[in-house]
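In: test case, fold it:
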Amino acid sequence: MVNLSFGIVALGANLPGTSQDLWDSLRNALTILHEHRDISISSVSRFWRTPAYPAGSGPDFANAVAVVASPLAPADLLTALHEIEADFGRDRSTGRWSARVLDLDLIALDAVIAPDAATLSDWIDLPADQQRLRAPDRLILPHPRLQDRGFVLGPLAEIAPAWRHPLTGRDVAVMLADLPPGAMDGMTPLNARDMTAPA
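Out: Predicted structure coming up:
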């Protein structure tokens, strides 16, 4: 019997791919994820329209969060996500917070803390002025900015509000409530009829 892990994947796009609007990019990425031989989707949030971060850094994003099941080890699952991004034309050389045709972030995998609790704590506690300047040289799980990002927590609260951070013990609902005022300003969950490409 294959042992499956359950992961949280955040999806985002703010540049249209070839002949696609942003919502099509997310839909197609979800289809590819679900049809992948080693990945299946358990649940998906609504799509959200989200201002680019940091403010003014680019066009609005289309965002969503999916819970996936996979037998892959964390690094292999991340590699699979990066391969899908590359197939969509994602260029990672343009910087961490640049506009992109597709972003697939591995947010968490079961209760895995990687590479260890001390390293994760250091990245969580990284001062805001250092976050743009420094990027980890290895996979950090859970994602060290998870608790700071409304565009992850808002969608995640729709499908897994009781998921608990394995280091802090806080669940998604609590992390969402603890966001600073204004953290979700401009974020809008969309119904299918509203899904036109953000301007």
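In: got the CA positions of the lowest-mean-pLDDT helix or strand in the chain in PDB?
Out: Taking all helices and strands of the chain together, the one with the lowest average confidence (mean pLDDT, DSSP states H and E) is helix 128-131, at a mean of 77. Included here for helix 128-131 are C-alpha records, laid out as PDB according to Å, rounded to 0.1, in the frame of the first residue of the first chain:
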ATOM      1  CA  ALA A 128      10.500  42.400   7.300                       C
ATOM      2  CA  ASP A 129      13.400  44.500   5.900                       C
ATOM      3  CA  GLN A 130      15.400  41.300   5.300                       C
ATOM      4  CA  GLN A 131      12.600  39.200   3.700                       C
END
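In: helix or strand for the residue positioned nearest the centre of the chain, which one?
Out: Centre of the chain computed as the mean C-alpha position; nearest residue by Cα atoms, centre = their mean is residue 10, 2.1 Å away. Here residue 10, judged by DSSP states H and E, is contained in strand 5-13.
In: one more: residue 173?
Out: Residue 173 is part of helix 172-177 when elements are defined by DSSP H and E.
In: please compute how far whichever helix or strand comes after that helix lies from its chain's middle.
Out: Next along the chain after helix 172-177, taking DSSP H and E as the criterion, comes strand 188-189. Between the mean C-alpha point of strand 188-189 and the mean C-alpha point of its chain there is a distance of 16 Å (Cα atoms, centre = their mean, to the nearest Å).
In: for the chain, just list every one of the helices.
Out: Under the criterion DSSP state H, the chain contains helices at 22-35, 74-87, 117-124, 128-131, 150-159, 172-177.
In: gap between the nearest residue in space to residue 87 that is not next to it in sequence and residue 25?
Out: Spatially, and ignoring its direct neighbours in sequence, residue 87 is nearest to residue 32 (7.7 Å; Cβ to Cβ, 6 or more residues apart in numbering). All C-beta atoms are positioned from the backbone trio N, CA, C, and that covers glycine. In this view, residue 32 and residue 25 are 11 Å apart by Cβ to Cβ, to the nearest Å.
In: what about those two, which has more around it?
Out: residue 25 (25 against 16; other Cβ atoms under 10 Å).
In: so the closest residue to that one other than its chain neighbours bridges to which residues?
Out: Using Cβ to Cβ, 6+ apart and skipping the chain neighbours, the partner closest in space to residue 25 is residue 13 (4.5 Å). When bridges are taken as DSSP bridges, the partners of residue 13 come out as residue 62.
In: run a quick neighbour tally on residue 47.
Out: Neighbours around residue 47, by other Cβ under 10 Å: 23.
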